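> Structure of the sequence below:
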Amino acid sequence: MTKTTFAELGVSSAVCVALAKNGIHEPFDVQALVIREAIDGSDLLVRSPTGSGKTLAFGLPVIERLTTLPRARVPRALVLAPTRELAVQITTELTAPAQAAGLKIACCYGGTPLPRQAAQAARADLVVATPGRLNDLIDRRLVKMTGIEILVLDEADRMLDMGFAPQVDRIVKTMPSERQTLLLSATLEGQVAELAQRLTRDPVQLRLGTEPVVEGVEHRFAVTVGDARLAMLVDELTTEPGLVLVFTRTKHGADRLATRLGRHGMDAVAMHGDLSQSARERALGRIRKGHCRVLVATDVAARGIDLAGVALVVNYDPPNDQSDYTHRVGRTARAGRTGQALTMLEPGDAPKISRMAVSLGLEAEWAATGLPVGQAKVVYASKRRNGQFSRRPAPAGSSSQKSHTSDRGRVKRGSRPN
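Numbers count the residues shown, from 1 in each chain. So this is what the prediction gives:
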């Protein structure tokens, strides 16, 4: 069966040539789903997982539409992203096609000098920005949003999770109500649905796939206690020769784990919100140049990191919810590749994580741990009996021994990605 081409979707020949020079010849599923609808000018709500190719899905129609709209001395399109890393990634990916169409693109984010970004944004056709920095530019009257005809909110769910809703609302109030709005998110329910109702008019809903869990990933769950968790991680890193992304819950945890891995001869770098932009870029540079293959990051810091070929994602600290799991695991198996995801948890985390696994359709993967679904493990009761705390039995299949389980929750190993 012949695949649809970018040209057939309405992408101009000049932009198609620019894509081909970067090795992009055929659209991914989300691009084939979105581009034509967006070029037609419809408001869109797009549910698409991380790593599916959604940047070009919204970026190419924005570029094509800007070439048909009247020129102006103010920005005409805006892409909002929750983190500076994602903003930089989007800008990098859209620069070549934008230049091929004769358009200027600017990127605005915190942690870098403001005057240069302001000058670039003021004369750009397309601005990619984080909400905080853009509001700063607007408040200082350095950038005007009065000419915006296309608004894109990428990873809207994460933007709301990070508390940016008031910032987004402030930005939207400064732009015309008559505009096209594209909203992309891993989920279109709850707060995202409320945001979409405020910002869009009769939107077309497009959903890629029926399951929220990332495809092409071998999912594993392993119950550990105490220092056995670090021992298991070292074992995984010794076995896996490729690029590994490890998630921790806190900034301190990321720094501490990177240091502990170094003591075990594993070169690792930490990434979190306390790092300056230059420090982040140096850390990513070491990874991309092959000088280091283990990145330890918090959820917020990892948003938008564009690392090609992540072979393994390790949830050293388990995710808070299903959305965090999907976004973490979405760092691997990108653009049609395969990958692995290992979630480490202590017995007390098992009820919550087991329910999350089931909701994602990972019943078989959870069953490999030997633990039941949703059964709590209580070690000590909260009431005293005869002046002493009473010990309650642990659920069947669990162990209090301080070593990682011999059955590490593997469902299949298969071949590893290159």
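
> quick one: buried residues of stretch 194-205?
195, 196, 199, 200, 203 (16 or more other C-beta atoms under 10 Å). Glycine gets a C-beta too; all of them are placed from N, C-alpha and C.

> Between these, which sits nearest residue 10?
Of all the buried residues of stretch 194-205, residue 203 has the smallest distance to residue 10: 19.3 Å, by C-beta to C-beta.

> Now do the helix or strand containing residue 121: which elements does it pack against?
Residue 121 belongs to helix 114-122 when assigned by DSSP states H and E. The contact analysis (3 or more C-beta pairs under 8 Å, 6 or more residues apart in numbering; DSSP states H and E) places helix 114-122 against strand 105-108, helix 131-139.

> For the stretch 101-250 of the chain, just list every one of the helices.
114-122, 131-139, 156-161, 165-173, 191-199, 228-239 (DSSP state H, counting those that start in this stretch).

> residues making contact with stretch 4-13?
15-16, 19, 26-27, 31-32, 35-36, 39, 60-61, 64, 67, 101 (C-beta atoms under 8 Å, 6 or more residues apart in numbering).

> just the buried residues of stretch 194-205 now: which is nearest residue 143?
residue 199 (19.7 Å).

> Enumerate every residue touching that closest one.
151, 153, 172, 181, 183.

> ok, how many other residues are close to the second one?
This means residue 153. 28 (other C-beta atoms under 10 Å).

> So for it, what's the pLDDT?
As predicted, residue 153 sits at a pLDDT of 97.

> returning to what we had before: buried set for the helix holding residue 121?
117, 118, 120, 121, 122.

> Leaving out sequence neighbours, find the closest residue to the last one.
Leaving out its chain neighbours, the residue that sits closest to residue 122 by C-beta to C-beta, 6 or more residues apart in numbering is residue 143, at 5.6 Å.

> Correct me if wrong: residue 94 contacts residue 126.
Yes. In this structure residue 94 lies within contact range of residue 126 using C-beta atoms under 8 Å: 7.2 Å.

> neighbour-wise, which of those two wins?
Neighbour tally, residue 94 and residue 126, criterion other C-beta under 10 Å: the higher count belongs to residue 126, 27 against 23.

> Give me the pLDDT value at that one.
98.

> Could you measure from it over to residue 80?
Noted for residue 126: a distance of 12 Å to residue 80, by C-beta to C-beta, to the nearest Å.

> hmm, back to that, pull up the overlap in contacts between residue 94 and residue 126.
63, 105.

> before we move on, the earlier item: quick check, nearest of the buried residues of helix 114-122 to residue 278?
Closest approach to residue 278 among the buried residues of helix 114-122 (C-beta to C-beta): residue 117, at 15.0 Å.

> Give me the nearest residue to the closest one, chain neighbours excluded.
residue 108 is the one closest to residue 117 (C-beta to C-beta, 6+ apart), at 4.7 Å.

> contacting residues for that neighbour?
Contacts of residue 108 by C-beta under 8 Å, 6+ apart are 87, 117-118, 120-121, 127-130, 133-134, 137, 143.

> and of the residues you listed, the nearest to residue 341?
residue 87 (25.7 Å).

> My guess is that closest one contacts residue 110. True?
No. Counting by C-beta under 8 Å, residue 87 stays clear of residue 110, with 9.9 Å between them.

> For those two, list the residues in contact with both.
In contact with both residue 87 and residue 110: residue 130, using C-beta under 8 Å, 6+ apart.

> Pull out the buried residues from stretch 122-130.
122, 124, 125, 126, 127, 128, 129, 130.

> Tell me where this structure is predicted with low confidence.
Applying pLDDT under 70 to the chain flags residues 1-3, 49-51, 209-215, 301-306, 323, 335-336, 375-418.

> Where is the longest helix in it?
The longest helix of the chain (DSSP state H) is helix 84-100.

> Need the CA coordinates for that helix. PDB is fine.
Below are the C-alpha coordinates for helix 84-100, written out as PDB (Å, rounded to 0.1, in the frame of the first residue of the first chain):
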ATOM      1  CA  ARG A  84      12.600  25.500  27.600                       C
ATOM      2  CA  GLU A  85      14.000  22.200  26.400                       C
ATOM      3  CA  LEU A  86      10.800  21.500  24.500                       C
ATOM      4  CA  ALA A  87      10.800  25.100  23.100                       C
ATOM      5  CA  VAL A  88      14.300  24.700  21.800                       C
ATOM      6  CA  GLN A  89      13.500  21.300  20.300                       C
ATOM      7  CA  ILE A  90      10.500  22.600  18.500                       C
ATOM      8  CA  THR A  91      12.500  25.600  17.200                       C
ATOM      9  CA  THR A  92      15.300  23.400  16.000                       C
ATOM     10  CA  GLU A  93      13.000  21.000  14.200                       C
ATOM     11  CA  LEU A  94      11.000  23.800  12.500                       C
ATOM     12  CA  THR A  95      13.900  26.100  11.500                       C
ATOM     13  CA  ALA A  96      14.800  24.400   8.200                       C
ATOM     14  CA  PRO A  97      11.200  24.200   6.800                       C
ATOM     15  CA  ALA A  98      10.400  27.800   8.000                       C
ATOM     16  CA  GLN A  99      13.500  29.200   6.300                       C
ATOM     17  CA  ALA A 100      12.600  27.200   3.100                       C
END
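
> Could you tell me the angle between it and helix 131-139?
Going by axes from the mean of the first three to the mean of the last three C-alpha atoms, to 10 degrees, helix 84-100 is angled at 60 degrees with respect to helix 131-139.

> Show me what helix 84-100 packs onto, helices and strands only.
Right, helix 84-100 is packed against helix 13-21, helix 54-68, strand 105-108, strand 126-129 by 3+ C-beta pairs under 8 Å, 6+ apart.

> now that helix against helix 13-21, angle please.
Using the same axes, to 10 degrees: helix 84-100 against helix 13-21 is 130 degrees.

> Need the residues that contact helix 84-100.
Contacts for helix 84-100 (C-beta under 8 Å, 6+ apart): 14-15, 17-19, 21-22, 55-56, 59-60, 63, 79, 81, 104-111, 125-126, 128-130, 154-155, 277, 280, 301-306.

> Buried among the residues you listed? Need that as a selection in ChimeraX.
In ChimeraX syntax, the buried subset of the contacts of helix 84-100 is picked out as below (16+ other C-beta under 10 Å):
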select :15,18,19,55,56,59,60,63,79,81,105,106,107,108,109,110,125,126,128,129,130,154,155,280,301,302,303,304,305,306
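
> Would you confirm that residue 136 contacts residue 114?
Yes. Residue 136 lies in contact with residue 114 (C-beta under 8 Å); the separation is 7.0 Å.
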